[in-house]
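Asker: The following block contains a protein sequence and its predicted model.
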Amino acid sequence: MNLTESMYVRDAGKRSILRSASWEVRHRIMKRWRAFLLGLFFALAPFIAQGAEMGKFQYEDFKKPKQCKTCHKAIYQEWEQSLMSQSFTHHWDDVEYFKLALPHALKLDKVAEVKGGCIACHSPLAFLTGDIPPRPPEAGTRANESISCEICHSITGSTEKEPFNFSYTIKPGKVKFGPRKDGRSSFHGIEYSEFIKSPELCATCHNEQSPYGAWVKETYREWKSGPYAKEGAKCQDCHMYRAPGKVSRSGKLRSDVAHHAFHGAHFPNKIAGAVDIALYADVNQVSPGSDVNVRAELFNGKVGHYIPSGSSEERMLWLEMTAIDTKGKTYYLTLNKKGFKGEEYTVADGKAIAYQAMGEIMGVKEFGGVKRDGNIPDGVRVFRRPFFDPKGRMTICQWYTAENTIVDYRIGPRETKIENYSWHIPQDISAGPVKITAMLYYSLVPSSVGEFLQLMPSEYAPVEVNTAALNIEVVK
Ligand code: HEC
Ligand code: HEC
Ligand code: HEC
Ligand code: HEC
Ligand code: HEC
């Protein structure tokens, strides 16, 4: 096995350093070193089945992105602005790994494997060189290169047919694996690769199973079982759009250069308009004391998978329905519940408390949890998929997820969700037109979690996805 080989090499290196030490000291250090390696091996064993490449390489085997920039300037700029270049350094990733996952891995055997597991997707370079845990971003090591050019363009395939948990195989070196058959470069070799053009490349990191066997990230699986896979629209088609230009400074003009934008949930422009909203009322005229029924239809016509997807343990999409009369008085419309299993998790409740695991891991005394839904208004519909830890508490720690199939109320690709509201027209309402408004918001992390972990406010600020409005007339 490859890992044993690399352990051997490193062991041999250590031996020569130790030559000058006394036998006794040497013996003790050797014993500790072996125990450490053995511990590391067992800690990583379940993940090794998928991540066969750990510790096989040196940092020097991979070129720095800045070197690629000299010829691939535009691609470099796109990559630099995307989350791919920040997957290790980005503040929230940094906090989650160093404040929660790593301490947890050192404390609880069952999740010990995430010590290297997180890094295999977020800083593959560190994983491949066995630099685990890497030093934090402030240290400025090469772990900070995150998902660099050399990672994707050295990946040769996966050990799995439907990849998950960083099951990529990789061959860094002179040859870059690319999508074209006619590319030529004097700087590096080029080999055509079907795999790099396939969604399975993305699946190596965009499908994830927790140590408890729960699918905690399944963007690829969602895509695969949806309409886009059947029509042949791939991840690359929506996240690496094409435009005319040059692939490289010295290359020829091409009509369809693959852009490395990777815009996703961190780009409000990608979220904006991702879901359509239509509003209907059963009557156009109302009087105080009567009732109006309003229907909101939400259509996911643009996202190739569920929305939210990816880190769904922490994502929320929610619909606020309000009515404003001519004097500017605002009323909230009441959601008609549907009665499905787990619906309580999909209706905002200011009294619901969750995420107790954070305090437990961080050793916060008498930590009871924080507000499950952050500061969103009570009673609104939340499109989300709750994750539960082994103690049955809702969690944002995906690696600590034992169960997440109780309810999944996100909006699937090309799915329409219908929500009904009833409104009893109050006596004090002003006569004249009343504007009923639907506002759909998205957030990356519940604000309560963001505040507790001291994330940057931009990380948990609500983003407007879409809005729709409808007027009805109040007659007295
Ligand atoms: C997350 C994986 C990933 C990363 C990171 C990445 N690439 Fe790519 N790259 C791809 C994929 C996938 C394609 C092919 C898309 C297609 O044609 O379907 C591609 C295509 C290319 C092409 C060929 C473009 C064309 O249209 O012929 C070049 C050149 C390239 N990448 C260079 C880079 C450089 C330089 C970097 C770093 C600044 C980089 N890539 C980072 C995945 C990646
Ligand atoms: C000295 C210039 C130069 C440098 C530096 C350079 N490349 Fe290239 N690269 C090229 C040229 C030229 C092409 C071909 C362009 C074309 O066919 O239009 C190319 C093409 C590619 C392709 C596309 C292969 C295909 O299928 O056509 C990939 C992927 C790629 N380079 C990756 C990299 C990576 C990763 C780095 C950094 C380690 C890098 N390149 C550095 C000049 C360079
Ligand atoms: C039909 C176009 C389309 C296809 C195909 C598609 N996506 Fe997306 N994706 C989107 C849009 C639009 C968004 C922004 C809305 C959102 O965040 O859900 C998005 C968002 C994302 C996000 C952020 C999700 C979140 O809520 O945090 C990830 C990650 C992602 N896509 C990865 C993928 C991968 C991997 C594939 C292939 C398995 C893929 N996408 C296929 C359109 C697409
Ligand atoms: C080596 C692992 C790896 C591979 C391969 C990979 N990704 Fe990702 N991707 C990540 C990680 C890690 C993040 C999260 C970055 C963060 O939030 O810090 C991410 C984030 C994203 C996002 C969300 C960005 C945002 O704005 O929220 C999109 C979209 C995405 N990837 C698309 C793709 C597509 C398309 C492919 C295949 C061509 C791909 N990824 C291949 C690891 C990978
Ligand atoms: C199989 C690959 C994989 C593993 C293992 C993995 N991640 Fe991720 N991670 C991703 C991808 C892909 C995304 C992007 C999903 C999205 O955009 O919604 C992501 C997103 C995140 C985010 C959210 C970033 C944001 O801005 O919302 C955090 C934080 C994070 N990961 C931390 C971790 C930690 C800590 C671990 C280890 C316990 C871990 N990840 C393990 C692939 C992985």
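Answerer: Thanks, I have it. Ligands and ions are numbered 1, 2, ... in the order given.
Asker: alpha carbons only for contacts and neighbour counts from here, please
Answerer: OK.
Asker: Establish whether stretch 271-289 and ligand 3 are in contact.
Answerer: Yes - contact of stretch 271-289 with ligand 3 (Cα under 6 Å from any ligand atom) involves 271, 274.
Asker: neighbours around the residue in the stretch 251-400 of the chain positioned nearest to ligand 2, how many?
Answerer: Using Cα to the nearest ligand atom, residue 251 is the residue of the stretch 251-400 of the chain that sits closest to ligand 2, at 4.0 Å. Residue 251 has 14 neighbours, counted by other Cα atoms under 10 Å.
Asker: how close does it sit to residue 192?
Answerer: Separation of residue 251 from residue 192 (Cα to Cα, to the nearest Å): 17 Å.
Asker: quick one on the thing from earlier: secondary structure element for the residue of the stretch 251-400 of the chain closest to ligand 2?
Answerer: Taking DSSP states H and E as the definition, one finds residue 251 inside no helix or strand.
Asker: Can you check the pLDDT for it?
Answerer: Residue 251 is assigned 89 on the pLDDT scale.
Asker: Give the burial count for residue 192, as a bare number.
Answerer: A count of nearby residues for residue 192, using other Cα under 10 Å, gives 16.
Asker: For the residue of the stretch 1-150 of the chain found nearest ligand 3, list the residues it contacts.
Answerer: Nearest residue of the stretch 1-150 of the chain to ligand 3: residue 83, at 9.9 Å (Cα to the nearest ligand atom). By Cα atoms under 8 Å, 6 or more residues apart in numbering, residue 83 lies in contact with 90, 262, 266.
Asker: Around ligand 3, pick out the residues from the stretch 51-200 of the chain.
Answerer: Contact residues (Cα under 6 Å from any ligand atom) of the stretch 51-200 of the chain with ligand 3: residue 199.
Asker: For the stretch 51-200 of the chain, just list every one of the strands.
Answerer: All strands of the stretch 51-200 of the chain, identified by DSSP state E, counting those that start in this stretch, fall at 155-158, 168-170, 175-178, 189-192.
Asker: same check, this time on the stretch 251-400 of the chain
Answerer: With DSSP E, counting those that start in this stretch, the ranges of strands along the stretch 251-400 of the chain come out as 253-258, 276-281, 285-286, 291-299, 316-324, 330-332, 334-335, 353-354, 370-371, 381-383.
Asker: Okay, buried residues for the fourth one please.
Answerer: The reference is to strand 291-299. Residues 292-299 are the ones in strand 291-299 that count as buried (16 or more other Cα atoms under 10 Å).
Asker: So what touches it?
Answerer: Outside strand 291-299, the residues that touch it by Cα under 8 Å, 6+ apart are 275-283, 286, 411, 414-425, 438.
Asker: List the neighbouring strands of it plus their orientation.
Answerer: Paired neighbours of strand 291-299 in the sheet (DSSP bridges): strand 276-281 (antiparallel), strand 416-424 (antiparallel).
Asker: As CSV, these with distance to ligand 1, mean pLDDT and mean neighbour count would be great.
Answerer: Below are these laid out as CSV (distance: least, Cα to the nearest ligand atom, whole Å; pLDDT from 0 to 100; neighbours: other Cα atoms under 10 Å):
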stretch, distance to ligand 1, mean pLDDT, mean neighbour count
strand 276-281, 28, 98, 18
strand 416-424, 30, 97, 16
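Asker: Kindly reformat these as CSV containing distance to residue 432.
Answerer: What follows is the strands paired with strand 291-299, written out as CSV (distance: least, Cα to Cα, whole Å):
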stretch, distance to residue 432
strand 276-281, 16
strand 416-424, 16
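Asker: give me the element the closest residue to residue 342 other than its chain neighbours is part of.
Answerer: Spatial nearest neighbour of residue 342, chain neighbours left out: residue 407 (5.4 Å); criterion: Cα to Cα, 6 or more residues apart in numbering. Using DSSP H and E, residue 407 sits within no helix or strand.
Asker: Against ligand 3, how distant is residue 451?
Answerer: Counting by Cα to the nearest ligand atom, to the nearest Å, the gap from residue 451 to ligand 3 is 19 Å.
Asker: That residue in helix, strand or coil?
Answerer: Three-state assignment for residue 451 (DSSP: H, G, I helix; E, B strand; the rest coil): helix.
Asker: Is residue 433 in contact with residue 326, as I believe?
Answerer: Yes - contact criterion Cα atoms under 8 Å: residue 433 and residue 326 qualify, at 6.3 Å.
Asker: Looking at the stretch 351-476 of the chain, which residue is nearest ligand 4?
Answerer: Using Cα to the nearest ligand atom, residue 444 is the residue of the stretch 351-476 of the chain that sits closest to ligand 4, at 8.8 Å.
Asker: In the stretch 51-200 of the chain, what residue comes closest to ligand 4?
Answerer: Residue nearest to ligand 4 within the stretch 51-200 of the chain: residue 87 (3.4 Å; Cα to the nearest ligand atom).
Asker: what sits against that residue?
Answerer: Applying Cα under 8 Å, 6+ apart, we find residue 87 in contact with 93, 122-123, 146-147.
Asker: Which two of those residues have the greatest separation?
Answerer: Farthest apart among those by Cα to Cα are 93 and 147. That separation is 13.2 Å.
Asker: Comparing those two, which residue is more hemmed in?
Answerer: Under the criterion of other Cα under 10 Å, the comparison of residue 93 against residue 147 puts residue 147 first, with 23 against 15.
Asker: isn't the more buried one right next to residue 128, touching?
Answerer: No - in this structure residue 147 lies outside contact range of residue 128 using Cα under 8 Å: 11.9 Å.
Asker: which SSE is residue 216 in?
Answerer: For residue 216, the element it lies in under DSSP H and E is strand 215-218.
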